[in-house]
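[1] I need the structure of the sequence given here:
(chains A and B)
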Amino acid sequence: MISALVNDYDEDGWRKCNVTGLDVHRSVENYVKLFGVTAVVALVVGGVFAFTVALTRWEIIGLLGEEAFYRHLSMHAWNLLIFWMVFMEIAILYVGGPMVLGRKLPLKKLAGAGFALMAAGAVIINYAIWTTSQPQEAPLLTAYAPLEISATFYGGGIVFLLGATVAALPFFAAVYLHYKDTTGSLPLVTFGAFATAIIAVQAIVGGLVVFSYAFLWRIDVIGSIDAALYRQLFWIIGHGSQQINLAAMVTVWYFLTHVVGGAEVFSEKVSRTAFVLYVFFINLGAAHHLLSDPVVSAEWRIFNASYAFYGAAFASMIHAFAIPAGLEAGRRKRGLGGGLFGWLTNGPWKNPVFSATIFSIILFGFLGGITGVVMGQLQTNMSWVRTLATVGHFHGTVAVGTTLTFMALVYFVIRVMFLKQLAFPRLASFQPYFYAGAMGVATILLMYAGILFGIPRRVDEVVWNIPGSDWSMLAAAPLITIFGVFAVLAILAGVIFAVVAVVSVFLGKDIEEGGNADLVPDGGYGVGADMEDGDPVHKYDVRGTFAITLIFLATFVAVYVLNWYVLTQLWQIGP
Amino acid sequence: MSSPLKPPEGNWWDVPVDRRESIYLGLAGIWSLLIFGWMSIFTRIGDQNPIGDTYRVSPEEFSENLSEYRENAGETEDGVLIPDGEDVYIAAAQFAWQGTPVQLETGKTYKIHLSSLDVQHGFSIRPEGNLTRQVNLLALPGYEWVIEMEFDEADTYHVICNEFCGVGHSSMHGTIEVVEG
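    Model prediction:
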């Protein structure tokens, strides 16, 4: 079976990818597979706990007791929000760096060492969470000091982050070697991956500091820990890690819309400027976790949570135009679709790589992006923070955004790197629709439960019963019941993904020569090999994209105004 | 051909930006500045701002202040505190809101002194009659946050903890009785 997983390389370890036209070296491809498969393992583990967490919050079922609930919630958070994401992101760095640049993987031993450290860190953290027993508490994602959380957990965090740093070094080395050998600009995908890697370094430095601080406190090297300082340091990695997800996801959007949709780069200048804005401003946004906190001044909160005057939110709005515009122009250039939206409606919608990518772009923008800015305002944050609305926001970014994008990437890697046909092809085609639909509805319901009913996050029961109280938040019961149904459906869609992925890789049929022709819009060898002619891409009419982005801006304004309306119905708070 | 997998050719920086893209970017840029400006202006003109003075305070000191406040406060027949003046002390502790239940009046500005005696807690409050009117602030150990509140409607306001504070967290509940002033 293992031999079936090894591709045909020439004697120097190279092969030409028949989909992207890239020269791929065995060293890169093997590590991409290794990190990718490990990520899927984390997805499955985290997904199992999604099920138990959802069935607990669906309080009529109330699967878990309080203590178990926090443990399961911690497992869900760390495996999905951190391990699934970061293992995928290292794979993305190797694709965006050495693979796109047509190089071998430099510093291969460091890649291996980084992987081993990351895997060890992940195992330690899972072990620490699972073996939590009173008086120690489960960490959840945040491990907020001075809660009594095991030193093993913080130690595992340090090991994992060191591993991620080491694993990123071969990427930086590839870019460095590229510049030594050639002159000129990096390809956009490599540029995006480079921005992602810088953002990751910023985040990881914060993470190493905060977990070391807490670790030293837990092993009694330092006598006390400052809760406010912990929060400020923690969110450098806590939200910074999610900004890595964002930048990696946007990079993958440029990559996949190009390969399977025929997108071109609409404006190199505009897209690259947006990535540069990310590098400078995006991690400042972590401050929005401190908006309803004491200690930090209002000015500090406003400046930082606005990413310094919305430097990074503006960058995301740039990508929100640039990516669909690239798709529209590229497809119009190929004669694929007329009218206002023909370029989109006649896309390869049966291909789960395409549908998952497009759904994730739309849902991330409308659900995750808009709400992120709204809850990131100093005042409206008071209605959002620590309620289920927050959970809705980050399921809008991470579940229907990044996870769906990474699912697309996994389908793609199965086809072009494992060179396997997708098992259960009809089910695979259907899966992105099912997941995007169910998780999209679940996400919106979480937001409603938070904003309209103030249902808190991180509790096992509150709607039907608050232990020791004769009052509860029963008005939200119908909403939570509907949420429970959609959450279970979304998890079922996740199960389908995992089954398709695992069966395809290990039992799937090999793809014969030319068998991937359906993946690319031209059906030929390499994307756009014959597309040298024609007008420059920016000459093509992108009125469809213009219409979509105007709808997006109008939705943004409407959601913003509604949230401010809800806020101003409150009694007076503050001076 | 303009592929994101290949280095851009020629002088890509000077390639003109599409007219529609320029219009959209202009709108997005203006919107960014507008929402920044509104957030800042609202701190001056608005009635809902999470702004108040913060002081360092040890849990022991805050506990003493709370006891002193209790001694000076009145009490209803049901044992609900009636603060003597504008200062109201609330201490979060695993797993209770010390200083509740407390009776406050509408139309009177109170200074809520909020802190925690152990770990981080989320101060989440709403009137019983309208769950949409809810607000969430943080109680941090080691810090006292003095935040003003003036209630406009009489009702029972429920306080729950919405930051995980250990097993028992979901039972952490208190009330503020707001009566007509």
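
[2] For the chain, which segments count as strands?
    Using chain A here. A:14-16, A:23-25, A:572-573 (DSSP state E).

[3] was after chain B, sorry
    Taking DSSP E, the strands of chain B run over residues B:53-56, B:74-75, B:81-82, B:87-93, B:96-98, B:102-105, B:109-116, B:121-127, B:135-139, B:143-150, B:155-161, B:173-179.

[4] could you dump those to TSV with mean pLDDT and mean neighbour count?
    To be clear about C-beta, it is placed using only N, CA and C from the backbone, and glycine gets the same treatment. Listed next are the strands of chain B as TSV, based on pLDDT from 0 to 100; neighbours: other CB atoms under 10 Å in any protein chain shown:
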stretch	mean pLDDT	mean neighbour count
strand B:53-56	97	14
strand B:74-75	95	10
strand B:81-82	97	18
strand B:87-93	98	22
strand B:96-98	98	20
strand B:102-105	98	20
strand B:109-116	98	22
strand B:121-127	98	24
strand B:135-139	97	25
strand B:143-150	98	20
strand B:155-161	98	23
strand B:173-179	97	20
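
[5] could I get the ones you listed as JSON lines with distance to A:Val485?
    Output for the strands of chain B, formatted as JSON lines (distance: least, CB to CB, whole Å):
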{"stretch": "strand B:53-56", "distance to A:Val485": "44"}
{"stretch": "strand B:74-75", "distance to A:Val485": "47"}
{"stretch": "strand B:81-82", "distance to A:Val485": "44"}
{"stretch": "strand B:87-93", "distance to A:Val485": "35"}
{"stretch": "strand B:96-98", "distance to A:Val485": "34"}
{"stretch": "strand B:102-105", "distance to A:Val485": "40"}
{"stretch": "strand B:109-116", "distance to A:Val485": "37"}
{"stretch": "strand B:121-127", "distance to A:Val485": "26"}
{"stretch": "strand B:135-139", "distance to A:Val485": "27"}
{"stretch": "strand B:143-150", "distance to A:Val485": "38"}
{"stretch": "strand B:155-161", "distance to A:Val485": "25"}
{"stretch": "strand B:173-179", "distance to A:Val485": "28"}
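
[6] Tell me which of those strands approaches A:Val561 most closely.
    A:Val561 lies closest to strand B:135-139 among the strands of chain B, at 19.2 Å (CB to CB).

[7] Partner strands of that closest one, with direction?
    In the sheet, strand B:135-139 lines up against strand B:121-127 (antiparallel) (DSSP bridges).

[8] Bridged to the residue most central in space within chain B, which residues?
    The centroid of chain B falls nearest to B:Leu137 when counting by CA atoms, centre = their mean (2.6 Å). With DSSP bridges as the criterion, B:Leu137 is bridged to B:Phe123.

[9] Okay, domains of chain B per the record?
    B:16-43, B:53-179 (automatic domain parsing).

[10] which of the residues in the first one are buried?
    Neighbour counts over domain B:16-43 (16 or more other CB atoms under 10 Å in any protein chain shown) mark B:18, B:20-21, B:24-25, B:28, B:31-32, B:35-36, B:39, B:42-43 as buried.

[11] what about chain A, any weak spots by pLDDT?
    Filtered on pLDDT under 70, chain A yields the residue ranges A:1-6, A:522-535.

[12] how about it, which residue sits the furthest from its center?
    Distance from the centre of chain A peaks at A:Asp470, with 40.5 Å (CA atoms, centre = their mean).

[13] Taking the centroid of chain A, which residue is nearest it?
    Central residue of chain A (CA atoms, centre = their mean): A:Thr402, at 3.0 Å.

[14] Settle this for me: it is touching A:Asn245, isn't it.
    Yes - using CB atoms under 8 Å, A:Thr402 is in contact with A:Asn245, at 4.5 Å.

[15] Need the overlap of contacts for these two.
    A:Met85 (CB atoms under 8 Å, 6 or more residues apart in numbering or on different chains).

[16] For the stretch 51-200 of chain A, list the residues in contact with chain B, please.
    By the rule CB under 8 Å from any CB of the partner chain, the part of the stretch 51-200 of chain A lying against chain B is A:66-67, A:70, A:100, A:134, A:137, A:140, A:142, A:144, A:146-148, A:184-189, A:192.

[17] change it to 7 Å
    Contact residues (CB under 7 Å from any CB of the partner chain) of the stretch 51-200 of chain A with chain B: A:66-67, A:70, A:100, A:134, A:137, A:140, A:144, A:146-147, A:184-189.

[18] Show me which of those residues is closest to B:Phe95.
    Using CB to CB, A:Glu66 comes nearest to B:Phe95 of those, at 10.8 Å.

[19] what number of residues lie near that closest one?
    Neighbourhood size, A:Glu66 [other CB atoms under 10 Å in any protein chain shown]: 17.

[20] measure the nearest residue to it once chain neighbours are set aside to A:Thr56 for me?
    Counting by CB to CB, 6 or more residues apart in numbering or on different chains, A:Glu66 lies nearest to A:Asp460, which is 4.9 Å off, once chain neighbours are set aside. The gap separating A:Asp460 from A:Thr56 is 5 Å, by CB to CB, to the nearest Å.

[21] Find residues that contact each of the two.
    Counting by CB atoms under 7 Å, 6 or more residues apart in numbering or on different chains, the contacts common to A:Asp460 and A:Thr56 are A:Leu64, A:Phe69.

[22] contacting residues for A:Ala408?
    Taking CB under 7 Å, 6+ apart as the test, what A:Ala408 contacts is A:Leu256, A:Pro352, A:Val353, A:Ala356, A:Thr357, A:Ser360.

[23] I'd assumed A:Phe406 was in contact with the last one.
    No - A:Ser360 lies out of contact with A:Phe406 (CB atoms under 7 Å); the separation is 8.8 Å.

[24] In a markdown table, list the buried residues of domain B:16-43 along with distance to A:Ile466.
    Output for these, formatted as a markdown table (distance: CB to CB, whole Å):
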| residue | distance to A:Ile466 |
| --- | --- |
| B:Asp18 | 56 |
| B:Arg20 | 53 |
| B:Glu21 | 52 |
| B:Tyr24 | 48 |
| B:Leu25 | 49 |
| B:Ala28 | 43 |
| B:Trp31 | 41 |
| B:Ser32 | 41 |
| B:Ile35 | 36 |
| B:Phe36 | 39 |
| B:Met39 | 34 |
| B:Phe42 | 33 |
| B:Thr43 | 34 |
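
[25] Could you list which of those residues belong to helices?
    B:Arg20, B:Glu21, B:Tyr24, B:Leu25, B:Ala28, B:Trp31, B:Ser32, B:Ile35, B:Phe36, B:Met39, B:Phe42, B:Thr43 (DSSP state H).

[26] I'd like the residues you listed written out as TSV, with distance to chain A and pLDDT added.
    Converted to TSV, these look like this (distance: CB to the nearest CB, whole Å; pLDDT from 0 to 100):
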residue	distance to chain A	pLDDT
B:Arg20	4	94
B:Glu21	6	95
B:Tyr24	5	97
B:Leu25	7	96
B:Ala28	4	96
B:Trp31	7	96
B:Ser32	4	95
B:Ile35	7	95
B:Phe36	5	95
B:Met39	5	95
B:Phe42	6	97
B:Thr43	6	96
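
[27] returning to that earlier point: from B:His158, how far off is the residue farthest from the centre of chain A?
    From A:Asp470 over to B:His158 the distance is 11 Å, taken as CB to CB.

[28] Contacts only, for A:Ala498.
    For A:Ala498, the contact set (CB under 7 Å, 6+ apart) comprises A:Val40, A:Leu43, A:Val44, A:Gly47.

[29] What is the nearest of these to chain B?
    Ranked by distance to chain B (CB to the nearest CB), the contacts of A:Ala498 are led by A:Gly47 at 21.9 Å.

[30] quick one on the thing from earlier: please look at the residue nearest to the centre of chain A and A:Thr251 and confirm they touch.
    No - assessed by CB under 7 Å, A:Thr402 is found out of contact with A:Thr251, at 11.5 Å.

[31] Please tell me how far the residue lying closest to B:Tyr157 once chain neighbours are set aside sits from chain A.
    Spatially, and ignoring its direct neighbours in sequence, B:Tyr157 is nearest to B:Ile176 (4.2 Å; CB to CB, 6+ apart). Distance from B:Ile176 to chain A, counting by CB to the nearest CB, to the nearest Å: 11 Å.
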